[in-house]
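Undergrad: A predicted structure for the sequence below; I have some questions about it.
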Amino acid sequence: MLIVMKHDASAEDVAGVVHVIEEMGYTAHAVASSNRTAIGITGNQTAIDSSRFAYLSGVAETIRVTKPYKLTTLDFHPEKTIVRVGEETNAPTIGGEELAIIAGPCAVESHAQAFAIAAVVKRSGARFFRAGAYKPRTSPYAFQGMGEEGLRILAEVREAFDLKIVTEAMNEVQVDLVERYGDMIQIGARNMQNFPLLRRAGRSHLPVLLKRGMAATFDELLSSAEYILAEGNQNLVLCERGIRTFTQHTRNTLDLAVVPALRRISHLPIIVDPSHGTGKSYMVAALARAGVAVGADGLMIEVHDHPDHALSDGSQSLTVPDYERAITEVRLIHEALMPVAVA
Ligand code: PEP
Ligand code: MN
């Protein structure tokens, strides 16, 4: 259930409603927007009797939520969420006016490799560096990532280049480590429904990037997002990275239609990953341009100084010149759309 307060409801009115929710044994999530406060209720397994709230001071209306998610919706939070990555005043944001570019290799492979690519990413004006230290690989014999040593290299990249580090955690212990060395926790497609991991990320002080599962529906993606918000972490960004279909000309089918579909329902920022979304480097720039045109808040792009020698995802990694050209192009599209701000 969602309780919408009157626009002139006082802080005491809100506290009164929260008190009743807690007395019933549930959790209250109050969110104030410019013209009203909404209070979401979680923790109930069955429908809540709205008459308990209808006559409390300051309550405008109660809305029964029939979807499996509520905190992710615009009903609950009518203003778009802007996720700030870092505490400082000029920290980069995702979901605001700037186009967030999260770029880097699939995996950290060495100090030299990470630093060479980070220099390129920095020069492009991107403010986020991506690279996995823990890699979810289909084969157990494939390169699994450098582990904590890789995270230490990422922390050095952060210091040397003033880039925010976005890196994957595949389990709860790895979240502890990413919290120590990184700036944003990536939850990968294969773990979109790893519920203990979602809950752990929901209790983190770091923002979270949640990638859509490769066979996840729209409702499943938002339900997974709900796990994170319900634990208290509001700094969440969704990522469309392609879903598995019958086509064979791409690794995945990048579902760009999910961007406006999510926008319509949710306040969460959405980014597009044309690298995993196509699996083919020659398609990445085209789909990156399309992602910006369709209204994404940012892009995740894999770039490598020697894609032919990459230990993972070389075939979808852009070369340095191709990456630089792609960034120029997507910025032009973003700037062209700025005056009309794609909704
Ligand atoms: C990645 O970002 O390198 C990755 C493994 O992505 P996904 O979880 O989308 O496959
Ligand atoms: Mn990858």
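TA: The structure has been received and is ready for your questions. Numbers count the residues shown, from 1 in each chain. Ligands and ions are numbered 1, 2, ... in the order given.
Undergrad: check contacts around the residue in the stretch 201-343 of the chain that ligand 1 sits nearest to.
TA: Nearest to ligand 1 in the stretch 201-343 of the chain, going by CB to the nearest ligand atom, is residue 241, at a distance of 3.9 Å. Where C-beta positions appear, they are placed from N, C-alpha and C, glycine not excepted. Going by CB atoms under 8 Å, 6 or more residues apart in numbering, residue 241 touches 189, 211-212, 214, 252, 254, 272-273, 276-277, 300.
Undergrad: on the three-state scheme, residue 229 is what?
TA: Secondary structure of residue 229, reduced to three states by DSSP: H, G, I helix; E, B strand; the rest coil: helix.
Undergrad: so it sits right up against residue 235, yeah?
TA: No: Residue 229 lies out of contact with residue 235 (CB atoms under 8 Å); the separation is 9.6 Å.
Undergrad: what about the two, which has more around it?
TA: For the pair residue 229 and residue 235, the greater number of neighbours falls to residue 229 (26 against 23), based on other CB atoms under 10 Å.
Undergrad: from ligand 1, how far out is the spatially closest residue to the more buried one that is not a sequence neighbour?
TA: For residue 229, ignoring the flanking residues on the chain, the nearest one in space by CB to CB, 6 or more residues apart in numbering is residue 71 at 4.0 Å. Residue 71 sits 23 Å away from ligand 1, taking CB to the nearest ligand atom, to the nearest Å as the criterion.
Undergrad: name all residues that make contact with residue 71.
TA: Applying CB under 8 Å, 6+ apart as the definition, the contact partners of residue 71 turn out to be 29, 40, 42, 77, 226, 229-230.
Undergrad: now it: which helix or strand?
TA: Per DSSP states H and E, residue 71 falls between elements, in no helix or strand.
Undergrad: how many neighbours does residue 102 have?
TA: In terms of burial, residue 102 registers 29 neighbours under the definition other CB under 10 Å.
Undergrad: please read the previous query as pertaining to residue 244.
TA: Residue 244, neighbours per other CB under 10 Å, totals 13.
Undergrad: is it true that it touches residue 250?
TA: No: applying CB under 8 Å as the test, residue 244 and residue 250 come out as separate, 10.2 Å apart.
Undergrad: okay, and for the protein, where does confidence drop off?
TA: 342-343 (pLDDT under 70).
Undergrad: for the residue of it found nearest ligand 1, what are its contacts?
TA: Nearest to ligand 1 in the chain, going by CB to the nearest ligand atom, is residue 188, at a distance of 2.9 Å. Neighbouring residues of residue 188 by CB under 8 Å, 6+ apart: 136, 168, 170, 211.
Undergrad: where does the residue lying closest to residue 314 once chain neighbours are set aside fall, phi/psi-wise?
TA: Across the structure, with CB to CB, 6+ apart as the measure, the residue nearest residue 314 apart from its sequence neighbours is residue 307 (4.5 Å). According to degrees, to the nearest 10, the main-chain angles of residue 307 amount to phi -50, psi -30.
Undergrad: again with residue 185
TA: According to degrees, to the nearest 10, the main-chain angles of residue 185 amount to phi -90, psi 120.
Undergrad: over to the one 4 residues further on?
TA: Note on residue 189: its backbone torsions stand at phi -50, psi -40 [degrees, to the nearest 10].
Undergrad: thought it was touching residue 215?
TA: No: when contacts are counted by CB under 8 Å, residue 189 is not listed as touching residue 215 (9.1 Å).
Undergrad: if I look at residue 145, how far off is residue 258?
TA: With distances taken as CB to CB, to the nearest Å, residue 145 is found 28 Å from residue 258.
Undergrad: touching, residue 5 and residue 38? I think so.
TA: Yes: in this structure, residue 5 sits in contact with residue 38. The criterion is CB under 8 Å, and the distance is 7.1 Å.
Undergrad: re the thing from before, who's more crowded, residue 189 and residue 215?
TA: Here residue 189 and residue 215 are set side by side on neighbour count (other CB under 10 Å), and the busier one is residue 189, at 21 against 11.
Undergrad: what residues does the stretch 51-200 of the chain have near ligand 1?
TA: Residues of the stretch 51-200 of the chain lying close to ligand 1 by CB under 6 Å from any ligand atom are 106, 132, 136, 188-190.
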